[in-house]
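[1] quick check, what structure comes out for this input:
(one chain, ligands or ions: 1)
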Amino acid sequence: MRIVIARGYEDMSMRAAMIVAGQVCLKPDSVLGLATGSTPLLMYNKLVEMHHKAGLDFSNVISFNLDEYLGLAKEDQNSYHWYMYHNFFNHINIASGNIHIPNGMTQDIDQECRRYDREIRQCGGIDLQILGIGTNGHIGFNEPDIKFEATTHKVKLDQETVSANARFFADISEVPRFAISMGIKTIMHAKKILLLANGESKADAIYRAMYQGITPETPASILQLHQDVTVIVEESASKYIRETIA
Ligand SMILES: N[C@@H]1[C@@H](O)[C@H](O)[C@@H](COP(=O)(O)O)O[C@@H]1O
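    Numbers count the residues shown, from 1 in each chain. Next up is the predicted model:
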């Protein structure tokens, strides 16, 4: 693991955007695994800026999002569909046919999960996977569990995740309790992984993920076994890491 401690959110986001931009420049038809949440927001802004000001070209890029809430339509402002189009896709030149996000309104969840995994395989797997981390150590919506879930699957969200994500909804009762998430195996098959952690609320989770045992109780800890992971930790999220290094 390469660990970078960034001087604040801006620095973390710029470093992350540079890595994504580097990937796209070197391989214009890269398959990107994309994350949502508040953490990568500024990284997406920076990539949009690089597209407009420096001609960063996404026309051949293929994207697969990590997850989607079950029961939220694409038009719902809390769906990850809406988030991705609103914050990123609408502002760059990615081809709409190259965008993949699980369908949270599917009538057949198993079939939707199998379809999603098949499409990732058909595109040759993910070149660069971007990840955030939940306060409970989740990646995508792979929640703490007694085993690692391999492929795309239906998830029951943890109470901690529901509470953490309630800030985006008018009321906690509106937060969906279920989601579809890419599995750990698919994430681990990505050629490169970029994990971002921002804010003090992530300090414990990122420390456990990087320095404690590998356990499905901290899903992000599996990343210790991946050969090419870069972790960009914003300063306040790095407080336990710095204590360990010091
Ligand atoms: N499913 C998403 C994750 O992909 C995200 O990385 C994480 C952290 O979110 P945030 O960046 O808002 O803290 O929680 C959400 O529930």
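[2] Asn198 and Ala21, how far apart?
    19 Å (C-beta to C-beta, to the nearest Å). The C-beta positions use only the backbone N, C-alpha and C, and glycine is treated the same way.
[3] also His91?
    From His91 to Ala21 the distance is 15 Å (C-beta to C-beta).
[4] same question, Pro219
    In terms of C-beta to C-beta, Pro219 sits 28 Å off from Ala21.
[5] between the two, which is the more surrounded one?
    A count of neighbours by other C-beta atoms under 10 Å puts Pro219 above the other of Pro219 and Ala21, at 27 against 16.
[6] in space, what's closest to that one - neighbours in sequence excluded?
    Leaving aside its chain neighbours, Pro219 sits nearest to Asn142 (4.3 Å; criterion: C-beta to C-beta, 6 or more residues apart in numbering).
[7] same question, Asn60
    Nearest non-adjacent residue to Asn60 (C-beta to C-beta, 6+ apart): Asp29, at 4.2 Å.
[8] enumerate every residue touching Ala150.
    183-186 (C-beta atoms under 8 Å, 6 or more residues apart in numbering).
[9] a helix runs through it, doesn't it?
    No - counting by DSSP: H, G, I helix; E, B strand; the rest coil, Ala150 is located in no helix; its state is coil.
[10] show me where this structure has its strands.
    All strands of the chain, identified by DSSP state E, fall at 2-6, 31-34, 62-65, 67-69, 99-100, 128-131, 153-156, 178-181, 192-197, 229-234.
[11] including mean pLDDT, distance to the ligand and mean neighbour count, could those go into CSV?
    Converted to CSV, the strands of the chain look like this (pLDDT from 0 to 100; distance: least, C-beta to the nearest ligand atom, whole Å; neighbours: other C-beta atoms under 10 Å):
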stretch, mean pLDDT, distance to the ligand, mean neighbour count
strand 2-6, 96, 15, 15
strand 31-34, 98, 9, 24
strand 62-65, 98, 9, 22
strand 67-69, 98, 5, 25
strand 99-100, 98, 15, 18
strand 128-131, 98, 6, 26
strand 153-156, 96, 9, 18
strand 178-181, 97, 7, 23
strand 192-197, 98, 8, 24
strand 229-234, 98, 11, 23
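[12] separation between the residue nearest the centre of the chain and the ligand?
    The chain has Ala35 as the residue nearest its centroid, 2.6 Å off, counting by C-alpha atoms, centre = their mean. Distance, Ala35 to the ligand, by C-beta to the nearest ligand atom, to the nearest Å: 5 Å.
[13] just Ile109 next, same as before
    17 Å.
[14] could you list the low-pLDDT ranges of this structure?
    246 (pLDDT under 70).
[15] neighbours around Lys147, how many?
    7.
[16] and the contacts of the longest helix seen in the chain?
    Using DSSP state H, we find that the single longest helix of the chain is helix 9-26. With contacts defined as C-beta under 8 Å, 6+ apart, helix 9-26 is touched by 4, 6, 30, 32, 40-43, 45-47, 50, 56-58, 61, 127-128, 130, 192, 194, 196, 198-199, 230, 232-234.
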